[in-house]
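[1] Sharing a model prediction with you, sequence too.
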Amino acid sequence: MRISTILLILSSALIFGVLFIIARLWSGLRGFFRMLKGKLLLDLLIILVLIILGLMITALFVVNPQISDTNKRLLSIPKGYNTRKIATEVENAGLVKNRSVFIIWSKILGKDQSFHAGEYVFTEPLSVYGLIKRLSRGGSFSRNITIPEGLNIYQIGGLLRRQLEIDSLEWISSATDSVFMNSIGIPLSTAEGFLFPETYNIDPGIAPKEIIILMYNQFKETVYPLYSQSSPPLGLSLSEVITLASIIEEEAHVKSEQPIISGVYHNRLKKGILLQADPTTIYAMKKFDRPLLIKDLTFDSPYNTYVYPGLPPGPICNPGLNAVQAALYPAEVPFLFFVSNRDGTHRFSRNADEHNQAIRDIKEKLKNEN
């Protein structure tokens, strides 16, 4: 039955109720001395209850006229809120005129324990009944989560734990699940390097594997076309390009230097020289919260490019698009070495002698500044 029909019936019932009261009162006046007072009072009480019930039913189904079709209303219900607190938020948002009506009908309809926390957007006017149904279905707590360039899977896990309360251990377990990687098409045993840095709209409660799929799909849309349209230098595979890009991302703090650093690493790979990239050793040791020490350079891991030649077995972070482009299109430079100027930039050298001199110059400069 349509709501308009119900309202018509209720309005008619209300009119008849008023007429009934008048008739009863008139009859009561005429036969006042012949009618028992108790019976009249009982009739009046019944009629009053019917009127109140009619008004309550009308309040349940009548749409709030204060809300127009073009007047968008936002409602936020935090987790743990009971019906009374929800009613206050609903009233403050201008969705109902009287919070008590909302509370009473929520209990009568048995929905007071069925409301869901979340973010709600109302783009059309609703009755109290429609509002109760909407809140019972649940809203959304989706948030825009930005994954910066250069974070590894462990750091992403920490970010998701802080912003979405994702279980970081479950995240790492999912991101290192080789069977899962194979099932979604990631060519390595972990998701490292294939989670594209971007801003994502994510709902709390989402499973870690769903986030991985979301980020990998963005990687496929962005990186796969770039790789397929290029002729990778040294015949590098996609996973090797991403591995090199991840090292470039970690080393180059100034984006304009990324193609130059890429050129340095390509030159070393061609000549069979150890890459000697500090970030690969840091990744091998999983010591992301402290600087690299001299003794760390001998740490035995295939990720340690001070010990093992060539590229490490996989990416060490999730590089951005610029780093991937730098890996695919390195600058043609004569350099084989670079050292940090300690300001985000680097000094590049063609041979070991120039490199050692650059190190001495930088140390002297820092000494004078201090």
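    Here it is on my side, so go on.
[2] use CA for all of it now, contacts and neighbours both
    Fine.
[3] Quick check, residue 316 in contact with residue 149.
    No. Assessed by C-alpha atoms under 8 Å, residue 316 is found out of contact with residue 149, at 12.0 Å.
[4] quick one: which of these two has more around it?
    Between residue 316 and residue 149, counting by other C-alpha atoms under 10 Å, residue 316 is the more crowded of the two (28 against 20).
[5] tell me the SS of that one?
    Three-state call for residue 316 (DSSP: H, G, I helix; E, B strand; the rest coil): coil.
[6] Contact partners for it?
    152, 192-193, 243, 246-247, 279-280, 283 (C-alpha atoms under 8 Å, 6 or more residues apart in numbering).
[7] average pLDDT across stretch 301-312?
    Here stretch 301-312 scores 97 as its mean pLDDT.
[8] which helices and strands sit right next to the host helix or strand of residue 221?
    For residue 221, the host element (DSSP states H and E) is helix 208-228. Counting contacts by 3 or more C-alpha pairs under 8 Å, 6 or more residues apart in numbering; DSSP states H and E, helix 208-228 is packed against helix 168-175, helix 321-328.
[9] Adding neighbour count, distance to residue 308 and secondary structure, write the contacts of residue 316 out as a markdown table.
    Below are these laid out as a markdown table (neighbours: other C-alpha atoms under 10 Å; distance: C-alpha to C-alpha, whole Å; DSSP: H, G, I helix; E, B strand; the rest coil):
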| residue | neighbour count | distance to residue 308 | secondary structure |
| --- | --- | --- | --- |
| 152 | 21 | 21 | coil |
| 192 | 24 | 20 | coil |
| 193 | 29 | 20 | coil |
| 243 | 27 | 15 | helix |
| 246 | 29 | 17 | helix |
| 247 | 29 | 15 | helix |
| 279 | 23 | 14 | helix |
| 280 | 27 | 11 | helix |
| 283 | 17 | 14 | helix |
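[10] what angle sits between the helix holding residue 221 and helix 168-175?
    Inter-element angle recorded for helix 208-228 and helix 168-175: 40 degrees (by axes from the mean of the first three to the mean of the last three C-alpha atoms, to 10 degrees).
[11] Kindly export helix 208-228 (C-alpha atoms) in PDB.
    Taking C-alpha atoms only, helix 208-228 is exported to PDB below (Å, rounded to 0.1, in the frame of the first residue of the first chain):
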ATOM      1  CA  PRO A 208      43.800  -6.800   3.300                       C
ATOM      2  CA  LYS A 209      43.700  -9.000   0.100                       C
ATOM      3  CA  GLU A 210      41.000  -6.700  -1.300                       C
ATOM      4  CA  ILE A 211      43.300  -3.700  -0.800                       C
ATOM      5  CA  ILE A 212      46.100  -5.500  -2.500                       C
ATOM      6  CA  ILE A 213      43.900  -6.300  -5.500                       C
ATOM      7  CA  LEU A 214      42.700  -2.600  -5.600                       C
ATOM      8  CA  MET A 215      46.300  -1.300  -5.600                       C
ATOM      9  CA  TYR A 216      47.600  -3.900  -8.000                       C
ATOM     10  CA  ASN A 217      44.700  -3.100 -10.400                       C
ATOM     11  CA  GLN A 218      45.900   0.500 -10.400                       C
ATOM     12  CA  PHE A 219      49.500  -0.700 -11.000                       C
ATOM     13  CA  LYS A 220      48.300  -2.700 -14.000                       C
ATOM     14  CA  GLU A 221      46.400   0.300 -15.400                       C
ATOM     15  CA  THR A 222      49.300   2.700 -15.000                       C
ATOM     16  CA  VAL A 223      52.500   0.700 -15.300                       C
ATOM     17  CA  TYR A 224      51.800  -2.200 -17.700                       C
ATOM     18  CA  PRO A 225      51.000   0.100 -20.700                       C
ATOM     19  CA  LEU A 226      54.200   2.100 -20.000                       C
ATOM     20  CA  TYR A 227      56.300  -1.100 -19.900                       C
ATOM     21  CA  SER A 228      54.700  -2.700 -23.000                       C
END
